[in-house]
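1. Here is my input; please provide its structure:
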Amino acid sequence: SFYERLPVVEKGTEDPQGIGFAYDLLARLLRSRLDWHGALRLAQERLGDNRAFISYSHDPPETEAKVLALANRLRADGIDAVLDQYESFPPQGWALWTKEQVRSARFVLIVCTERYLQQAEDPGTYPGAQLAAQTIREIVSDATGTNTRAVPVLLEEGDLRYVPTELQRYNQFQVYTKDG
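-> All right, here's what the predicted structure looks like:
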């Protein structure tokens, strides 16, 4: 059949940027007698969600401004960035809203600052950060050691020391340079 003879398919069909993905989608479309709706559903399933929730502590206004700028930049680049600064008053309350956002997002960007680390690890501090940190721990432990969702983000050069313990073995991403 058409699908079985394509050597490019053997290289993989999971990468949406790869030609194997396109050939696989075309073959499925042909097999389903050009069912465009089915092919569209399949493409959406395979491409996945591009939603990213940004978890951070309410630090000084400069940090909150950088987090908002990061979210705006991600949105401008086509990422559905979710941030509490975009939400004025969630009807379910902040704790449940935060938990829902962490659980439903494809990626959770954790802005690692001194205050975030303190709030995430000290039971007597801000409950919202505690809840987000707990949910993130669940994500990492659910992944059986393979982290595909939690992304530590560093705003400043020295922030590496503020990455929560359970995320230290994964890549961290510095999103700001000296030039901003």
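2. Can you get me a residue count around A69?
-> Per other CB atoms under 10 Å, the neighbour tally for A69 reads 13. (C-beta placed from N, C-alpha, C; glycine too.)
3. Specify the local secondary structure of it.
-> helix (DSSP: H, G, I helix; E, B strand; the rest coil).
4. Per-residue pLDDT of it, please?
-> Turning to A69, the model gives it a pLDDT of 92.
5. Likewise for P61?
-> pLDDT at P61 comes out at 90.
6. got a list of what it touches?
-> Listed by CB atoms under 8 Å, 6 or more residues apart in numbering, the contact set of P61 is empty.
7. now it: how far from A105?
-> 25 Å (CB to CB, to the nearest Å).
8. With L83 instead?
-> Taking CB to CB as the measure, L83 falls 11 Å from A105.
9. Show me whatever sits in contact with both of these two.
-> Contacts common to L83 and A105, judged by CB under 8 Å, 6+ apart, are F53.
10. Please, which helix or strand holds P152?
-> Assignment of secondary structure by DSSP states H and E places P152 within strand 150-154.
11. Could you spell out the sheet neighbours of that strand, each with its direction?
-> strand 107-111 (parallel), strand 173-174 (parallel) (DSSP bridges).
12. Dump those into TSV; add distance to E156 and mean pLDDT as well.
-> TSV is the format used below for the strands paired with strand 150-154 (distance: least, CB to CB, whole Å; pLDDT from 0 to 100):
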stretch	distance to E156	mean pLDDT
strand 107-111	10	90
strand 173-174	8	87
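13. Relative to V163, tell me which of those strands wins on proximity.
-> Closest of those to V163 is strand 107-111, at 8.1 Å (criterion: CB to CB).
14. who touches the closest one?
-> So strand 107-111 is contacted by 51-57, 63, 67, 70, 102, 116, 136, 139, 149-153, 155, 164, 167 (CB under 8 Å, 6+ apart).
15. Among these, name the buried ones.
-> In terms of neighbour count (16 or more other CB atoms under 10 Å), the buried residues within the contacts of strand 107-111 are 52-57, 63, 67, 70, 102, 116, 136, 139, 149-153, 155, 164, 167.
16. Give the helix, strand or coil label for the residue nearest to R106 when sequence neighbours are not counted.
-> Leaving aside its chain neighbours, R106 sits nearest to D49 (4.1 Å; criterion: CB to CB, 6 or more residues apart in numbering). Three-state assignment for D49 (three-state DSSP): coil.
17. quick one: low-confidence ranges for the chain?
-> Within the chain, the stretches with pLDDT under 70 are 1-48, 123-132, 141-145, 177-180.
18. hey, where'd the helices end up in it?
-> 7-10, 19-31, 36-47, 61-76, 94-104, 114-121, 127-142 (DSSP state H).
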